[in-house]
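K.L.:
Quick one, fold the following:
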Amino acid sequence: MNTPLLLIIWCRPHLVRNVIDAIRPVAPSRLFVASDGPSSARPGEAAKVAATRDLIEHKIDWPCQIKRFYSDKNQGCRRSVSRAISWFFEQVEGGIILEDDCLPHPDFFPYCANLLERYRYDTRVWSICGSNFQLGRKRGEASYYFSIHGDSWGWATWRRAWQHYPEAEWQWVNFRDAGRLDDIFPISRERDYWRGILDQLFLQGSPDSWAYQWWLASWMNNALHAWPNACLISNRGFDGDGTHTFGDNQFASLALQGLGELRHPEFVLPCRAADEFAFLHRRGGMGLIERERHGQYYPWVLRFRQMRKEGFHHYLYSRIRRKLGVGN
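P.N.:
Here you go, the predicted structure:
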């Protein structure tokens with residue numbers, strides 16, 4: 001594969017080993033590897049980082065050019081990943097980006113390579129995503145559809161799009177105060193959801209995430225992102241060691257699916273049904289709507305649903321044990 005690939009690693013060697021095994025069949029000729037450094041505040045992290053980087057030296061066994069961007073100190077997710085992507089695009093015009101917990105299907109690579117070339121000069125399109133969060137719903141008859149939302153779980157983009165990333169940070173307040181979110185999100189609750197996240201990110205400095213700024217940059221430029229009608233990326237990082245991937249998540253470790261023969265959509269337009277579904281189910285929109293609808297009774301609604309799911313006697317027994325502090 002001649003398409004450049006950026007692999008972002010850190011301190012999870014078991015995940016990196018699996019991703020390298022998935023990359024090996026396409027044998028990219030240009031491989032870029034970025035790694036944040038260990039934190040001195042977390043014992044044992046330096047050894048994990050070293051073990052993960054060691055895999056790059058011993059598991060990359062196909063002929064390729066490898067460039068490394070390693071940090072000695074821990075910079076945090078937001079700074080380390082955004083700097084790695086900027087470093088990548090200082091050297092290439094377009095390429096694929098994979099983080100250590102994102103396991104790709106073999107079809108992911110030709111899909112990205114094809115669309116990187118097809119939309120190389122189409123400034124309406126900003127990225128090619130590999131995930132699928134539509135829970136079995138197909139959007140259109142083509143192999144992929146377009147959305148106003150991007151993703152970070154295995155994707156591809158171009159330098160021409162990434163160059164807008166820095167400006168989103170200092171433009172956020174003016175963009176917000178001009179009411180431009182109203183032009184992007186027809187659902188008021190979705191506007192409030194993203195306004196809250198972006199205010200917290202740019203005004204309070206949390207969470208330690210780079211991706212929200214990337215998505216804001218694309219909204220500011222009325223950009224579109226391609227999404228496959230099959231799951232080409234499975235996030236295996238919900239194992240307790242991830243910075244942002246933890247706990248139960250219905251979109252964790254999804255089964256990979258083949259895309260088959262690539263068919264392009266007739267029009268470059270966003271699929272509003274897919275975007276609405278993503279907010280309601282991926283971003284917790286259903287919960288926000290129900291919380292507003294039921295008000296102070298919302299916790300009781302959740303308990304009632306759980307009781308119906310478990311059965312009255314089992315539910316009551318479990319709550320009594322929890323109250324008494326008895327383990328399962």
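K.L.:
thought residue 126 was touching residue 226?
P.N.:
No: the criterion here is CB atoms under 8 Å, and residue 126 misses it with residue 226 at 9.2 Å. Placement of C-beta: from N, CA and C, glycine included.
K.L.:
Helix or strand for residue 68, just tell me which one.
P.N.:
strand 65-70 (DSSP states H and E).
K.L.:
In the stretch 151-300 of the chain, where is pLDDT below threshold?
P.N.:
Low-confidence segments of the stretch 151-300 of the chain (pLDDT under 70): 239-249, 282-300.
K.L.:
can we see that at 50?
P.N.:
Scanning the stretch 151-300 of the chain for pLDDT under 50 picks out 242-247, 285-286, 288-292, 294, 298.
K.L.:
And residue 267, how close does it get to residue 277?
P.N.:
19 Å (CB to CB, to the nearest Å).
K.L.:
more crowded one of those two?
P.N.:
residue 277 (17 against 7; other CB atoms under 10 Å).
K.L.:
surely that one meets residue 132?
P.N.:
No: counting by CB under 8 Å, residue 277 stays clear of residue 132, with 11.3 Å between them.
K.L.:
Report the central residue of the chain.
P.N.:
residue 152 (2.8 Å; CA atoms, centre = their mean).
K.L.:
ok so, going back, same for the strand holding residue 68, what does it pack against?
P.N.:
Applying 3 or more CB pairs under 8 Å, 6 or more residues apart in numbering; DSSP states H and E, one finds that strand 65-70 makes contact with strand 30-35, helix 45-59, helix 77-89.
K.L.:
switch to 10 Å and redo it
P.N.:
Packing contacts for strand 65-70, counted by 3 or more CB pairs under 10 Å, 6 or more residues apart in numbering; DSSP states H and E, involve strand 5-9, strand 30-35, helix 45-59, helix 77-89.
K.L.:
Next SSE downstream of the first one?
P.N.:
Tracing the chain C-terminally past strand 5-9 and defining elements by DSSP H and E, one meets helix 13-23 next.
K.L.:
So which bits of that following helix are buried?
P.N.:
For helix 13-23, burial by neighbour count (16 or more other CB atoms under 10 Å) applies to 13, 15, 16, 19, 20, 22, 23.
K.L.:
Now do the fourth one, the pLDDT please.
P.N.:
On the pLDDT scale, residue 19 is placed at 96.
K.L.:
With residue 321 instead?
P.N.:
pLDDT for residue 321: 66.
K.L.:
same thing with residue 123?
P.N.:
At residue 123, pLDDT is 97.
K.L.:
So it: helix, strand or coil?
P.N.:
coil (DSSP: H, G, I helix; E, B strand; the rest coil).
K.L.:
Not counting sequence-adjacent ones, nearest residue to it?
P.N.:
residue 160 (6.8 Å; CB to CB, 6 or more residues apart in numbering).
K.L.:
Who are the contact partners of the one you found?
P.N.:
Counting by CB atoms under 10 Å, 6 or more residues apart in numbering, residue 160 touches 89, 93, 94, 120, 121, 122, 123, 126.
K.L.:
any idea which of the residues you listed is closest to residue 165?
P.N.:
For these, the residue nearest residue 165 by CB to CB is residue 89; the value is 9.5 Å.
K.L.:
Quick check: that closest one vs residue 6, distance?
P.N.:
Residue 89 sits 9 Å away from residue 6, going by CB to CB.
K.L.:
Those two: who's more crowded?
P.N.:
residue 6 (25 against 21).
K.L.:
My guess is that one contacts residue 32. True?
P.N.:
Yes: look at residue 6 against residue 32 with CB atoms under 10 Å: they come within range, at 4.5 Å.
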